[in-house]
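Undergrad: What would the 3D arrangement of this be:
(chains A and B)
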Amino acid sequence: MNYLDFEDDIRILDQKIESLKAPYISKGITDIANPLVVENEKKLNNLLDQVYSHLTPYQITKVARHDSRPRTKDYAKKIFTDFIPLAGDRMFAEDHSVISGYGILDGVSVLIVGQEKGNNTESKIISNYGMNRPEGFRKIIRLMKDAERLNIPVITFIDTPGPYPTKGSEDRGQAESIAKLTEVSLDLKVPLIAVIIGEGSGNSANALAVANKVLMLEYSMYSPISPEDCAELLWKNAKKVEEAAAALKISAKDLLDNKIIDEIILEPRGGAHRDHEAATINLALSIKKNLKELILMTPDELVYQRKNRFLSIGKDVLLPKEEFYMENIENRIQYQPFNWKLLFQNNIKLIYTIIAIVVLFILALIFS
Amino acid sequence: MNWVKEKFKELKPKIKSIFRVKVGPEGHLWQNCSCGTVLYKQDLEDNLFVCSVCKKHHPITAKERFKIFFDNGYFQEIFPMLPVDDPLKFADTRIYKVRLDNVREQTKRHDSVMLAEGLINGIKVVAGIVDITFMDGSIGRAAGEAFLTGAEHALNYNLPYIFFCSGGDMRIQESTFSLIQASRMIAAISLLKEKKIPYIPVCLDQTNGMITGSIALIGDVNIAEPKAKVTFFSQKQIKETTRDILPIEFQTAEYLLEKGQIDLIVERKDLPKTISTLILIRTNQNKTFLSDATDYQSDFTGEASSFTS
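TA: Next up, the predicted model:
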């Protein structure tokens, strides 16, 4: 198992427990009643609770990108019985970074569509690190229309660092395919549920998140740009990642407050990568609960609800122009507090030169 | 020394180009074009800001664009409702709110999208444009809301919607609020398409990122200006990740036309005529031939359309 940089204590405890368990396991005993093991496991659980309840946004990003976190492939195989993957956009090629196919969820047929990142080097290269080409989006469009014809609900899984930037994908209409996918999923006459299961950044995540209900795992992120890129773009300093991640408000809790997602799905203790089974059960229950509501709605209601969900975001804070500027003048005073930190950051060169001149002046006074 | 000579040969055109641009007396009377010619500003203005030698379409402000586009330069601006600023209380090296206030003072605009209503060749339309002078024309909550207002206006009064796309990166300071504007704008377009109201996007020079990936390429007819750059990923990004060798004309309107992404390349002076004709053709519901009809009228402008002023 891979450990993240803030999990040092957890790694030490994990290794300790493993070494304590090793003699029993070699004998074939699974129920271990050794008081030392029990005590250490209790300690580990407490530590995991403590660490994972106080994650910073950038740490959440790291957990969301964790190598052994369950991916779309794992969820598709575990949640849905009889999952059959389907391939190809019927126009140009097959995109392995998108997994799609029909499956059965507790007796109900569904179309499963999702971005796949891969867990090890080999599968990562095959799935292109989760970066989609236009063919992937066109494959989704084709299957969504198929599902609409058969009246089968669609479930999308989002896990991508962004679309794939190449000359080829630009030539074949990356932008158009993303826009078209958004348009098609807005007009879809069947229930549509989106689940953000890991890293969802960029336009390609947004295109799949156009749904009646957007669910999100506890330790996943959804943002327009990766924190690293944001730090370089706005702070012009790659080391300000922590601040960038915090400012972007990418964690599930913040997104729920901003009404961009509808529900947070809790993960087992220590993240989904520690217990795939429990994470799968939680996700399956949540999908079933939401699908039950959506199946009762008529096609027109579904389309209306989906469009209205997006059109109404931010409508509650609108003001006419005059009123806006009246309030703006009142607010302006609050927004410009005297901030030493920002003053230093913005005028660092000036301050250094002033200090240098003062030092030189003092030196000159001393030696004269 | 050979090495120095070769290096100098490489650098020579670059050095020349630097000096060539600065040859002309740049000022309030003269303007330099990137092809090297010096243009008299009044001539340039009469020529709709198009270089008479290389046909380069110089960038113009939103207001000038509307003056050129609408009949007799007359149009009425539509003011959208404004969302509350800075939903995330964002601060990078500067506080976002302060940055916004400064830009507003400089540009005298509230946000990057400007809307107007007017006539083109006698047909009433709603038009919108992204002003690249306002924070590089990035799309935040206010800009998305303005696009929706334009679409709503078009829906309410049954008018065609024309949108000039330029700029259009994400407003990162608004994070996910900016990201979902893409879905919102496409939802508005799909409402227009349902009612069979024409939606025509026009790509201007340097259309990038989010706008390309949402509204610029899914219109009824996709139009671009000559030599306009329409990008989804910047060339720098593509070179960094894949080291692809990119052709010189990569991501220009002509290149996109070759690759089948846009329908038409229309020069600035032909835009009103082309668009009005397109609207007439696309909204014409007449199913009897004119020569068969008894009350034949030769003047066809606007008669066939429901969009007459």
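Undergrad: Only the C-alpha atoms, please, for stretch A:92-100, written as CSV.
TA: This file holds the C-alpha atoms of stretch A:92-100, laid out as CSV (Å, rounded to 0.1, in the frame of the first residue of the first chain):
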residue,chain,number,x,y,z
PHE,A,92,-12.7,7.0,-35.3
ALA,A,93,-11.4,5.0,-32.5
GLU,A,94,-11.9,3.5,-29.0
ASP,A,95,-10.9,5.6,-26.0
HIS,A,96,-9.7,3.4,-23.2
SER,A,97,-9.9,6.3,-20.7
VAL,A,98,-13.7,6.0,-20.7
ILE,A,99,-15.4,2.9,-19.4
SER,A,100,-18.9,2.3,-20.5
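Undergrad: how about it against chain B, any contact?
TA: No - residues of stretch A:92-100 are not located near chain B by CB under 8 Å from any CB of the partner chain, the shortest gap being 12.3 Å. For every residue, glycine as well, the C-beta is placed using N, CA and C.
Undergrad: Any buried residues in that stretch, and which?
TA: Buried residues in stretch A:92-100, counting neighbours by 16 or more other CB atoms under 10 Å in any protein chain shown, are found at A:93, A:95-100.
Undergrad: Would you mind listing the two of those that lie farthest apart?
TA: A:Ala93 and A:Ile99 (15.3 Å; CB to CB).
Undergrad: Counting neighbours, what do you get for A:Met221?
TA: Neighbourhood size, A:Met221 [other CB atoms under 10 Å in any protein chain shown]: 28.
Undergrad: If you drop the residues flanking it in sequence, what lies closest to it?
TA: Leaving aside its sequence neighbours, A:Met221 sits nearest to A:Ile250 (CB to CB, 6 or more residues apart in numbering or on different chains; 4.3 Å).
Undergrad: So what does B:Thr241 look like in phi/psi?
TA: Per-residue torsions, B:Thr241: phi -80, psi -40 (degrees, to the nearest 10).
Undergrad: Give me the pLDDT for the nearest residue to it once chain neighbours are set aside.
TA: In this structure, B:Thr241 finds its nearest non-sequential neighbour in A:Pro165, 5.2 Å apart by CB to CB, 6+ apart. Note for A:Pro165: predicted pLDDT of 90.
Undergrad: what's the answer for A:Pro337, then?
TA: 55.
Undergrad: after the helix or strand of chain B with the lowest mean pLDDT, next one along is what?
TA: None of the helices or strands of chain B scores lower by mean pLDDT, DSSP states H and E than helix B:2-21, at a mean of 69. Once the chain leaves helix B:2-21, the next helix or strand it forms, by DSSP states H and E, is strand B:30-32.
Undergrad: Can you tell me the strand partners of that following strand and which way each runs?
TA: strand B:38-40 (antiparallel) (DSSP bridges).
Undergrad: buried sites along the helix or strand following the partner strand?
TA: Heading C-terminal from strand B:38-40, the first helix or strand you meet, by DSSP H and E, is helix B:41-46. Buried residues in helix B:41-46, defined by neighbour count with 16+ other CB under 10 Å: B:Leu44.
Undergrad: how far is whichever helix or strand comes after helix B:41-46 from where the chain is centred?
TA: Remark: after helix B:41-46, the chain's next helix or strand is helix B:62-69, criterion DSSP H and E. Centroid separation for helix B:62-69 versus its chain: 11 Å, with CA atoms, centre = their mean, to the nearest Å.
Undergrad: cool, stretch B:91-106 as well?
TA: Centre-to-centre, stretch B:91-106 and its host chain are 25 Å apart (CA atoms, centre = their mean).
Undergrad: returning to what we had before: and the residue nearest to B:Thr241, what does it touch?
TA: A:131, B:233, B:237-238, B:241-242 (CB atoms under 8 Å, 6 or more residues apart in numbering or on different chains).
Undergrad: swap in A:Ile104?
TA: Neighbours of A:Ile104 in contact, by CB under 8 Å, 6+ apart: A:80-82, A:110.
Undergrad: out of those, which is most surrounded?
TA: Busiest of those [other CB under 10 Å] is A:Val110, holding 24 neighbours.
Undergrad: Could you check the pLDDT of that residue?
TA: Looking at A:Val110, the pLDDT reads 94.
Undergrad: again, but for B:Leu100
TA: Confidence score, pLDDT, at B:Leu100: 87.
Undergrad: The residue nearest to A:Glu218 when sequence neighbours are not counted sits in which helix or strand?
TA: Spatially, and ignoring its direct neighbours in sequence, A:Glu218 is nearest to A:Glu267 (4.4 Å; CB to CB, 6+ apart). Using DSSP H and E, A:Glu267 falls within no helix or strand.
Undergrad: what about A:Glu267, neighbour count?
TA: 23.
Undergrad: got the contact list for A:Glu94?
TA: A:87-88, A:135, A:139 are the contacts of A:Glu94 under CB under 8 Å, 6+ apart.
Undergrad: Just put those in JSON lines and tack on distance to A:Leu217, secondary structure and pLDDT.
TA: Putting the contacts of A:Glu94 into JSON lines (distance: CB to CB, whole Å; DSSP: H, G, I helix; E, B strand; the rest coil; pLDDT from 0 to 100) gives the following:
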{"residue": "A:Ala87", "distance to A:Leu217": "26", "secondary structure": "coil", "pLDDT": "92"}
{"residue": "A:Gly88", "distance to A:Leu217": "29", "secondary structure": "coil", "pLDDT": "90"}
{"residue": "A:Glu135", "distance to A:Leu217": "27", "secondary structure": "helix", "pLDDT": "93"}
{"residue": "A:Lys139", "distance to A:Leu217": "24", "secondary structure": "helix", "pLDDT": "95"}
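Undergrad: Separate out the buried members of these.
TA: A:135, A:139.
Undergrad: now for the contacts of A:Glu94, which pair is the farthest apart?
TA: A:Ala87 and A:Glu135 (10.1 Å).
Undergrad: hang on, the earlier thing: so which of the contacts of A:Ile104 are in helices?
TA: In helices, judged by DSSP state H, none of the contacts of A:Ile104 are found.
Undergrad: domains of chain A?
TA: As assigned by automatic domain parsing, chain A contains the domains A:8-54, A:63-296, A:336-368.
Undergrad: tell me the most buried of these?
TA: Among these, domain A:63-296 has the highest mean neighbour count (mean count of other CB atoms under 10 Å in any protein chain shown), at a mean of 21.
Undergrad: for that domain, the distance to its chain's centre please.
TA: 8 Å.
Undergrad: same deal with stretch B:195-211?
TA: The mean C-alpha position of stretch B:195-211 is separated from the chain mean by 7 Å, CA atoms, centre = their mean.
Undergrad: Could you tell me the end-to-end distance of it?
TA: End-to-end distance for stretch B:195-211, by CA to CA, to the nearest Å: 23 Å.
Undergrad: Need the residues that contact the host helix or strand of A:Ile355.
TA: Here A:Ile355 sits within helix A:348-367, counting by DSSP H and E. Contacts to helix A:348-367, defined as CB under 8 Å, 6+ apart, come from residues A:Phe344.
Undergrad: average model confidence for it?
TA: pLDDT averaged over helix A:348-367 gives 92.
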